[in-house]
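Give the three-dimensional model of this entry:
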Amino acid sequence: MTQRKVTIIPPTISRYTAAPINSTKKRRVAGYARVSTDHEDQTTSYEAQVDYYTNYIKSRDDWEFATIYTDEGISATNTKKREGFKAMIADALAGKIDLIITKSVSRFARNTVDSLTTIRQLKEHNVECYFEKENIWTFDSKGELLITIMSSLAQEESRSISENVTWGQRKRMADGKVSFAYSRFMGLDMDKETGKIVVNPEQAEVVRLIFRLFLEGMTPHSIAAELTHRGIKTPGGKDVWNQQTVRRMLSNEKYKGDALLQKEFTVDFLQKKMKKNEGEVPQYYVEGNHEAIISPAVFDMVQTELARRSKGGTRYSGVSIFSNKIKCADCGGWFGSKVWHSTDRYRKVIYRCNRKYNGEKCGTPHVTEDEVKAAFVSAYNQLVTEKKEIIANAEIIRRTLCATDSLREERQKLEDEMLVLVEMTKSIVAENARIAQDQDEYQNRYDGLVQRYETAKTRYDEVAAAISAKEAQSERLVDFIRMLKKQDGSIAEFDERLWGCMVDFVTVGRKKEITVTFRDGTEIQA
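The predicted model follows:
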């Protein structure tokens with residue numbers, strides 16, 4: 001039998017790069033440098049990485065320096081926002097790079113899926129990666145296993161860092177330490193010397209203007225248009241306001257000196273997605289944290305008005321000072337504006353009831369702006385003839401009907417009761433975990449405590465709302481009294497500011513009789 005002979009034919013080209021093994025062609029090499037923060041010490045590390053890899057690549061005779069790709073002050077938990085990284089991968093897939101060098105797997109990506117997906121994609125296009133710290137070459141047979149392990153460790157490190165940061169932030173919140181984006185917050189600044197929140201006087205006037213315009217009947221949309229028309233800059237420094245910005249400002253408790261913390265939270269440390277906190281994590285409310293721009297009573301009045309306008313099926317219109325101020329005596333609905341002869345010289349704006357009465361259109365006639373203005377002038381002039389008596393009655397109403405002492409006392413008792421119930425619930429849960437006991441009996445005790453807490457919480461919310469409503473009404477009466485005291489004698493023509501501050505609404509009857517209801521409850525038929 002003839003002995004078999006095996007001759008080895010060595011490979012002549014690389015199975016990864018398809019280049020001849022003995023070829024003198026230089027590999028095109030790029031470096032990647034990244035730091036995750038903008039701190040000064042990290043900036044030094046960033047510059048050192050760039051300088052090191054530039055010199056390192058150029059020092060090799062078999063390498064050709066392509067470029068250095070960088071991302072400064074960007075997290076690596078995902079690759080969506082890393083522009084330098086994305087540009088590098090795009091160039092590599094386009095055939096401009098043969099080898100990518102970076103400091104470590106954690107510099108490349110702290111997300112295992114991102115890391116492996118990218119490396120496999122590069123591999124398919126004959127592009128190798130070298131991680132210097134771990135001494136891993138991705139074309140090596142052991143490379144992918146090592147990268148999987150190292151990426152998983154890096155991802156776990158990111159999760160641990162994220163949890164530590166989150167814990168620190170929540171501890172600060174629980175301690176009542178407030179921080180927010182001052183550069184994009186109108187009216188409040190951070191004092192660089194003391195670190196305290198201080199009022200910006202110039203911007204605070206804009207905030208007060210927004211709240212005043214809203215209480216005078218304007219909508220967030222019309223307020224935004226007015227601010228834009230006046231040339232006032234937005235909190236972000238832009239020229240054009242939008243209604244969302246105005247609405248957020250009207251609802252922001254920081255303007256009354258308080259702060260609600262953790263309105264949003266990070267859902268996933270990899271994606272960095274923020275979600276509105278709807279009860280998933282604790283919130284912290286800090287009262288009296290800093291100087292108020294808007295008094296708490298005025299702020300609560302605005303919240304009440306926001307809630308009132310959002311109720312019902314009809315959309316609130318604040319296009320004029322008469323919007324939602326004219327009521328139908330028949331059905332209680334609000335009058336809306338209509339334009340007659342809109343394209344000719346007989347153009348006229350009228351107001352008529354928007355609702356139906358007993359299935360038929362209301363018999364209440366329309367009114368014009370001039371008729372409403374004349375009715376207000378007439379009613380106001382009747383009011384000021386009894387100025388002293390009206391003011392005295394308004395003061396009595398404010399002291400009696402708007403008193404909140406008993407409600408505040410009840411609220412405190414309910415708050416104390418809820419705290420006791422929470423502690424009792426914690427106690428029986430801990431006891432059940434330590435000592436074996438009848439679970440039916442335990443469940444009944446637990447359910448009973450929870451039910452008592454829910455009952456107390458429901459009443460607490462009702463009392464808190466009643467306090468806010470009374471304080472808002474008190475503030476409205478204060479404005480009414482202040483404005484009335486400033487006025488000397490009757491008026492000859494319509495005053496827009498007086499209308500906004502003193503009138504609650506006007507009612508139109510079937511015979512076109514107009515009754516003006518002032519903020520103190522006084523009704524005068526013009």
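
CA only for contacts and neighbour counts going forward, please
Will do.

which element is Thr228 on?
Using DSSP states H and E, Thr228 sits within helix 220-229.

hmm, who's touching that helix?
Here helix 220-229 makes contact (Cα atoms under 8 Å, 6 or more residues apart in numbering) with 210, 213-214, 239-244, 246-247, 318-319.

Mind picking the two most distant members of those residues?
Spatially, the most separated pair among those is Asp239 and Gly318, at 22.2 Å (Cα to Cα).

ok, the two, which is more surrounded?
Ranked by neighbour count (other Cα atoms under 10 Å), Asp239 and Gly318 place Gly318 first, with 19 against 14.

one step back: what is the nearest of the contacts of helix 220-229 to Leu419?
Nearest to Leu419 among these is Arg247, at 33.9 Å by Cα to Cα.

In which helix or strand does that closest one reside?
Short version, using DSSP H and E: Arg247 is in helix 243-250.

quick check, distance from that helix to the centre of its chain.
Mean C-alpha position of helix 243-250 versus that of the full chain (Cα atoms, centre = their mean, to the nearest Å) differs by 10 Å.

Now it: buried residues?
Buried residues in helix 243-250, counted by 16 or more other Cα atoms under 10 Å: 246-247, 249-250.

Can you add distance to Leu116 and pLDDT and give these back as JSON lines?
Converted to JSON lines, the buried residues of helix 243-250 look like this (distance: Cα to Cα, whole Å; pLDDT from 0 to 100):
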{"residue": "Val246", "distance to Leu116": "46", "pLDDT": "91"}
{"residue": "Arg247", "distance to Leu116": "45", "pLDDT": "90"}
{"residue": "Met249", "distance to Leu116": "45", "pLDDT": "90"}
{"residue": "Leu250", "distance to Leu116": "48", "pLDDT": "91"}
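
can you list those in CSV and add distance to Arg497?
Rendered in CSV, the data for those read as follows (distance: Cα to Cα, whole Å):
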residue, distance to Arg497
Val246, 21
Arg247, 22
Met249, 23
Leu250, 20
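
farthest-separated two in the residues you listed?
Val246 and Leu250 (6.2 Å).

Need the residues touching each of the two.
By Cα under 8 Å, 6+ apart, the residues touching both Val246 and Leu250 are Ile210.

what's the distance between the longest helix seen in the chain and the middle of its chain?
Identified as the longest helix of the chain according to DSSP state H is helix 439-486. Once both centres are worked out by Cα atoms, centre = their mean, helix 439-486 turns out to sit 25 Å from its chain's centre.

Show me what that helix packs onto, helices and strands only.
If contacts are counted by 3 or more Cα pairs under 8 Å, 6 or more residues apart in numbering; DSSP states H and E, helix 439-486 sits against helix 296-310, helix 387-400, helix 405-434, helix 496-502.

To Lys327, which of these lies closest?
Nearest to Lys327 among the helices and strands packed on helix 439-486 is helix 296-310; the distance by Cα to Cα comes to 14.5 Å.

Can you name every helix or strand that the host helix or strand of Ile119 contacts?
Taking DSSP H and E as the definition, Ile119 sits inside helix 112-124. When contacts are defined as 3+ Cα pairs under 8 Å, 6+ apart, helix 112-124 sits against helix 83-93, helix 143-174.

One more pass at 10 Å, please.
Counting contacts by 3 or more Cα pairs under 10 Å, 6 or more residues apart in numbering; DSSP states H and E, helix 112-124 is packed against helix 83-93, helix 105-108, strand 128-131, helix 143-174.

Does anything pack onto the next helix or strand along the chain from the first one? Which helices or strands?
It refers to helix 83-93. Using DSSP H and E, the helix or strand that follows helix 83-93 in sequence is strand 99-102. Other helices and strands packing on strand 99-102, by 3+ Cα pairs under 10 Å, 6+ apart, are strand 27-35, helix 40-58, strand 63-72, helix 83-93, strand 128-131, strand 136-137.

Of all these, which one comes closest to Asn432?
Checking the helices and strands packed on strand 99-102 against Asn432 by Cα to Cα gives strand 27-35 as the closest, at 49.3 Å.

avg pLDDT for that closest one?
For strand 27-35, the mean pLDDT works out to 86.

So what's the gap between it and the chain middle?
On Cα atoms, centre = their mean, the centre of strand 27-35 falls 39 Å from the chain's centre.

Work out the sheet partners of that strand and label each with its direction, please.
With DSSP bridges as the test, strand 27-35 is paired with strand 63-72 (parallel), strand 99-102 (parallel).

right, so those: which one is the most enclosed?
Using mean count of other Cα atoms under 10 Å, the stretch among these with the largest mean neighbour count is strand 99-102, at a mean of 22.

Give me the contacts around that strand.
With contacts defined as Cα atoms under 10 Å, 6 or more residues apart in numbering, strand 99-102 is touched by 27-34, 49, 53, 56-57, 63-64, 66-69, 88-89, 92, 108, 122, 126-133, 137-138.

got a list of what Arg352 touches?
So Arg352 contacts 326-328, 333-338, 362, 364-368, 508 (Cα under 10 Å, 6+ apart).
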